[in-house]
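S.K.: Mind folding the following:
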Amino acid sequence: MTAHLARRLAWCAAVVWAAVSITFAVDALLPGDPARMFAGPEARPADVARIRQQLGLDRPPLVRYGLFMRRLVHLGPRAADPTPPSGADHGTCAVVLSIGPTALHVDLGKSFQLQQPVARAIAARLPRTLALAVAGVLVQILAGAGAGALAGLARGSWLDRVLVGASLIGISAPTFVVALLLQYVLAYRLRLLPLDGFGSTLGEHARCIVLPAITLGVSGAAYYTRIMRDEMSVLVRQDWIRTARAKGAGAARVAVRHAMRNALVPVTAAAGLDFGALMGGAIVTETVFRWPGLGDLSVKATLNRDGPLLVGCVIVASVVVVCTNVVVDLVCAGLDPRTR
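M.R.: Predicted coordinates for the structure are as follows:
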């Protein structure tokens, strides 16, 4: 298990490095001048050139990439050093690991447009996307796994046909259509929930997150319904299930404790991947509902050609995705000892 975890962590580091490198290259190749966008359309060429030099954009892309990687993770004094490594101006460091007088620092840089550390901008948005992703995955699992288990136990009945038909509609419906439909029915017509926004109090946050969470959960719940139905319909016909019934175990006990536990293994794996994808940025949902999360921040960074902010968002999303994959492996091993 230790060797397996070591291999997985090495794979995670390689994936994060590849994602960050590709994002850096794409940002460097995109048309447009970040210095011009930062200075404004009426700025003089001399001012744009000065800003380009201050932001470090006057250097070749490979040089900027090397300085960025050097600044991203480096060793330094234990106390957070406000002065980053040479050639990495406008940076801000964060200590992630201290061993004696030396510490490992991670520096995401400073946003061009926001004029604040990238880590601070992401830290303000990350909890909101985390809450939305958790709520969306909960909707997917509770609705999808429950409906799939019922459909699998009643395969061939009218209930099975209704649930399968509903899952097909859920998978086929585009996200923005589901979002607009929920806004029209539950927010505009019935006025049960806020139309969009984030709110200013905990109660308003809870009310505002309902519609985005349901929007994210519809497609995933429909997918989990199909998975759970197929798994349950096969498991309830296995010999060890019939043996448990022959020993006097009730139908509900056999379905929940034996069949459903094994059927949840592929659902858990899919839910982990979905959680990572949602943490990467549920861009459409956050845009429609004006949810100020990581996806909304990534879109603004792309439109503003804010390279440090965009790469910082990609780093955080990549780390969340790969860590979620490792956690899913461990959870699946707990649910099904055969995977160990």
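S.K.: For the rest of this, base every contact and every neighbour count on C-alpha atoms.
M.R.: OK.
S.K.: Pretty sure Ile315 sits against Val16.
M.R.: Yes - using C-alpha atoms under 8 Å, Ile315 makes contact with Val16 at a distance of 6.7 Å.
S.K.: all strands for the stretch 101-250 of the chain, in order.
M.R.: Taking DSSP state E, counting those that start in this stretch as the criterion, the stretch 101-250 of the chain carries its strands at 102-106.
S.K.: pLDDT weak spots in it?
M.R.: Along the stretch 101-250 of the chain, the parts satisfying pLDDT under 70 run over 101, 236-242, 244-245, 247-250.
S.K.: those helices in it, which residues are they?
M.R.: For the stretch 101-250 of the chain, helices defined by DSSP state H, counting those that start in this stretch occupy the ranges 118-153, 158-172, 175-182, 202-208, 210-235, 239-246.
S.K.: What angle do helix 175-182 and the second one make with each other?
M.R.: Looking back up the chat, that one is helix 158-172. 120 degrees (axes from the mean of the first three to the mean of the last three C-alpha atoms, to 10 degrees).
S.K.: what's the answer for the first one, then?
M.R.: Put simply, helix 118-153 runs at 80 degrees to helix 175-182, going by the same axes, to 10 degrees.
S.K.: Which strands and helices lie in contact with helix 118-153?
M.R.: helix 158-172, helix 210-235, helix 260-279, helix 294-303, helix 307-335 (3 or more C-alpha pairs under 8 Å, 6 or more residues apart in numbering; DSSP states H and E).
S.K.: Buried ones in the shortest one, by neighbour count?
M.R.: Of the residues in helix 294-303, those with enough neighbours to count as buried (16 or more other C-alpha atoms under 10 Å) are Leu294, Gly295, Asp296, Leu297, Ser298, Ala301.
S.K.: Excluding residues flanking it in the chain, which one is nearest the last one?
M.R.: In this case it means Ala301. In this structure, Ala301 finds its nearest non-sequential neighbour in Leu310, 5.3 Å apart by C-alpha to C-alpha, 6 or more residues apart in numbering.
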